[in-house]
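Colleague: Only the shape, not the letters, is given here:
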Ligand SMILES: Nc1ncnc2c1ncn2[C@@H]1O[C@H](COP(=O)(O)OP(=O)(O)O)[C@@H](O)[C@H]1O
Ligand SMILES: [Mg+2]
């Protein structure tokens, strides 16, 4: 469980995040939605400590991350998996080395044990025979799956995904979404997924937070979101003809 | 001006992070060895080529500009050796290494930055500054002196080669010249400069890479800046060290 309280963040004069408070539940896919530039990535980076918020608290299982010393932070971080928008695989390492990397840095496992774990993770994301490939040699969808495999190598308690299916075709996107949901339930992870894709919201969202111009505008479940009469969220959800048609059907 | 101060401050903060808390010694050792290869050994070819030609040209220039019959013939060897050891090897080769190694370092780290690989390291709990930069500094400081010693040898050899092949100076005179009034202190001085230059090249280039933002285009800009600033600081420190030690 992660609790964020009154988080504010500015870059110079630009007040990017305005007093956001939210609770991310364990074993649930917690979604953050909003337009491009609304502050979703900055918010997530504040939560994981890549940006330092100006004010506010970020509580990981009740403990304020921002007040921890470096060892406590490292401890939390070994429990965080993160999936970046562009995968962020280490391009100087093979697929297998990428997945083993966190294990080499933070465990004392033998080479054989690490390899076993890497293969388990690859297996879990349904990839085989790519162990020795370099990230540049494989497709975007595969890169995403490998990034997931790397993120779960340490059996994380918290998983953050920044637009996990951006740049993927709709079918591959659904595979990735489902993988994230299944892992969340299987491993009881507190998962946070950023997206601006309504398909993903309907596919896997448990709790949804809508950020509008840096403010938390709305939160609720995916059933709620289809029925809300909030104007800004309506504009966002029903931006496409497809969704508009769906709304008329529902009405 | 405030901009410059900001960069200097940020540079030292990065260095502080780079020198703190190496996580796993074994991994640093592996990275150190890899870096020795990538910033040192791969430059051996260009360094050797440059050095031989530099030595040859210095010998040739000295010989052709020596008009006075009062100057002994061994002056050519002596001058070649002194120029090579004191300035050409440590400084010119450092500039070459700044161009090759510096842009290499900045673009490698810069690419990692803009593709969020550095964020990925941080998220895992790895001190990215130390993980990426420390092995490069260590490797540079360790391997550059060897490159410079090789360069010195090849430079002096290049001078000999030109004497032997064109006969501008008798090779015996040249060999007498390169041994005349030899002071090991000059070599230590050159190697000291080299260590300083290695530190400048690796840290400044890492700095520009680490704070790249935006796109691949920006990474290109960072690596250009890395080379320019490394070169400027090499020349500046070369002056300062020379002033302090030799004068
Ligand atoms: N490192 C940064 N420095 C300054 N401004 C930033 C930085 N990162 C993001 N921003 C600004 O913050 C706002 C929100 O960005 P972001 O969180 O990336 O949006 P998104 O919701 O698309 O993920 C944007 O206006 C962006 O320009
Ligand atoms: Mg974003």
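Modeller: Arrived safely. All values derive from a computational prediction rather than experimental measurement. Ligands and ions are numbered 1, 2, ... in the order given.

Colleague: can you point me to the longest helix in chain A?
Modeller: helix A:170-187 (DSSP state H).

Colleague: residues touching the nearest residue to residue A:57 once chain neighbours are set aside, list them.
Modeller: Of all residues not flanking residue A:57 in the chain, residue A:5 sits nearest, at 4.3 Å (C-beta to C-beta, 6 or more residues apart in numbering or on different chains). No exception for glycine: its C-beta is placed from N, CA and C like everyone else's. Neighbour list for residue A:5: A:21, A:56-59 [criterion: C-beta atoms under 8 Å, 6 or more residues apart in numbering or on different chains].

Colleague: quick one on the thing from earlier: relative to the whole chain's centre, how far out is the following helix or strand past the longest helix of chain A?
Modeller: Proceeding N to C from helix A:170-187, the next assigned helix or strand is strand A:190-195, under DSSP states H and E. Taking C-alpha atoms, centre = their mean, to the nearest Å, the mean C-alpha location of strand A:190-195 is offset from the chain mean by 4 Å.

Colleague: quick check: angle from strand A:190-195 to helix A:170-187?
Modeller: 160 degrees (axes from the mean of the first three to the mean of the last three C-alpha atoms, to 10 degrees).

Colleague: Just checking strand A:190-195 against ligand 1, any contact.
Modeller: No - using C-beta under 6 Å from any ligand atom, strand A:190-195 stays clear of ligand 1, with a minimum separation of 6.6 Å.

Colleague: on that earlier part again, quick check: PyMOL command selecting the buried ones in the contacts of residue A:5.
Modeller: The PyMOL command for the buried members of those (criterion: 16 or more other C-beta atoms under 10 Å in any protein chain shown) is given here:
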select buried, chain A and resi 56+57+58+59
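
Colleague: Could you dump the contacts of residue A:5 into a markdown table and include pLDDT?
Modeller: Below are the contacts of residue A:5 laid out as a markdown table (pLDDT from 0 to 100):
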| residue | pLDDT |
| --- | --- |
| A:21 | 96 |
| A:56 | 95 |
| A:57 | 95 |
| A:58 | 96 |
| A:59 | 96 |
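
Colleague: The contacts of residue A:5 in helices, which ones?
Modeller: Among these, no member lies in helices (by DSSP H).

Colleague: Among the contacts of residue A:5, which one lies nearest to residue B:241?
Modeller: Closest approach to residue B:241 among the contacts of residue A:5 (C-beta to C-beta): residue A:58, at 48.0 Å.

Colleague: Which strand residues bridge the closest one?
Modeller: Beta-bridge pairing for residue A:58 (DSSP bridges): residue A:4.

Colleague: Look up how far chain B lies from it.
Modeller: Residue A:58 sits 14 Å away from chain B, going by C-beta to the nearest C-beta, to the nearest Å.

Colleague: Tell me the residues on the stretch 151-251 of chain A that lie near chain B, please.
Modeller: residue A:154 (C-beta under 8 Å from any C-beta of the partner chain).

Colleague: residue ranges of the helices in the stretch 151-251 of chain A, please?
Modeller: A:170-187, A:198-204, A:222-227, A:231-237, A:241-250 (DSSP state H, counting those that start in this stretch).

Colleague: got the contact list for the shortest one?
Modeller: With C-beta under 8 Å, 6+ apart as the test, helix A:222-227 has contacts from A:201-202, A:205-206, A:208, A:210, A:218, A:233, A:237, A:247, A:250.
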